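>>> sequence and predicted structure below; questions after.
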Amino acid sequence: MNIDRVAWTGLPVEVRGAVARRLGVEFVAADTPAGANCGVSAVLTLPDGHTVFVKGQRDRDPVPAADGAHQDPGWWGPTWGPLDELAQEERVNPFLPASAPRVLWRLAAAGWHLLAFEGIDGRHADYAPGSPDLPLVPAALADVARCPTPGLSLPTAWDRWGYWCDPADEPFLAGACLMHTDPAACNVLVDGARARLVDWAWPARGPAWIDPALWGMRLVSAGGHTPEQARAWAARTPGWRTATPRGVRAFTRAEARRWEEDAADGVRGAAEIAPAARAWAEVWA
């Protein structure tokens, strides 16, 4: 979905004041370029040099009338929105790998809800061929796959992608592993010699190979890899060993259809990603 962003200085003064009181010290706020699905996204630098990352959403808007949207709300229900994603990210945080930044606090003021995380002194991963960041990502994905599945209500892979699949493919998308579901370069921070997955707004439960499959698509769309090169990188992840040809075919085809429908609906950035998602699916066909 497209969400209107505001700068930190565009937040109501009551919100910025509540953050100042919560921190108890002066800070310098800098908006972040990532976080397309956030109402606000900023890094706060404290006097001692430590940082706090804050993301936020506005209060829930009234639910619009049905407009013929193509996807059944299913697991999420008809009122699910960005505020629910923020709450889901807070709930799943204690169950994430140690490399994931921890939630520090949450506050609500003047129609806004903010979630604060420990800051990371890192940079977004570079997915270009030959990048030294590429070998770090399989280890990060392996950390996620090894996490015990949290005792939370999470959507399954079928909840997320079943709409675009043949019903007969459901068993091939079954699994009990924790999934990030959006390993785009902007959601992977390189901190020294390790990659850290951030932005856990869309966690799900499913097979361990789906996050590597999604990473492969991102290598094509953002990194400029050929599908064959991306397939070789996906194969370096431990979870890929559990993949079946039919499962990968069904999933990558569903992901391509999803991006193509998002592009047709005018979702920001989808038109640039859809051709890569289709190319990634075709290599498995």
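Looks like it arrived, so ask away.
>>> helices or strands up against the lengthiest helix in the chain?
The residue-count maximum for a helix in the chain (DSSP state H) belongs to helix 245-264. Applying 3 or more C-beta pairs under 8 Å, 6 or more residues apart in numbering; DSSP states H and E, we find helix 245-264 packed against helix 157-161, helix 210-221, helix 270-282. Any C-beta I mention is one placed from the backbone N, CA and C, and that applies to glycine too.
>>> one more time with 6 Å
Packing contacts for helix 245-264, counted by 3 or more C-beta pairs under 6 Å, 6 or more residues apart in numbering; DSSP states H and E, involve helix 270-282.
>>> which elements pack onto the helix it packs on?
Counting by 3+ C-beta pairs under 6 Å, 6+ apart, helix 270-282 packs on helix 210-221, helix 245-264.
>>> by how many degrees do the first one and helix 270-282 diverge?
Compare the direction of helix 210-221 with that of helix 270-282 by axes from the mean of the first three to the mean of the last three C-alpha atoms, to 10 degrees and you get 120 degrees.
>>> packing partners for whatever helix or strand comes next after helix 210-221?
Per DSSP states H and E, the first helix or strand lying C-terminal to helix 210-221 is helix 227-234. If you count contacts as 3+ C-beta pairs under 6 Å, 6+ apart, helix 227-234 packs onto helix 210-221.
>>> packing partners for the helix it packs on?
Using 3+ C-beta pairs under 6 Å, 6+ apart, helix 210-221 sits against helix 227-234, helix 270-282.
>>> nearest to residue 112, out of those helices?
Between residue 112 and these, the tightest spacing by C-beta to C-beta is seen for helix 270-282, at 26.9 Å.
>>> residues making contact with the closest one?
217, 220-221, 227, 252-253, 255-256, 259-260, 262-263 (C-beta atoms under 6 Å, 6 or more residues apart in numbering).
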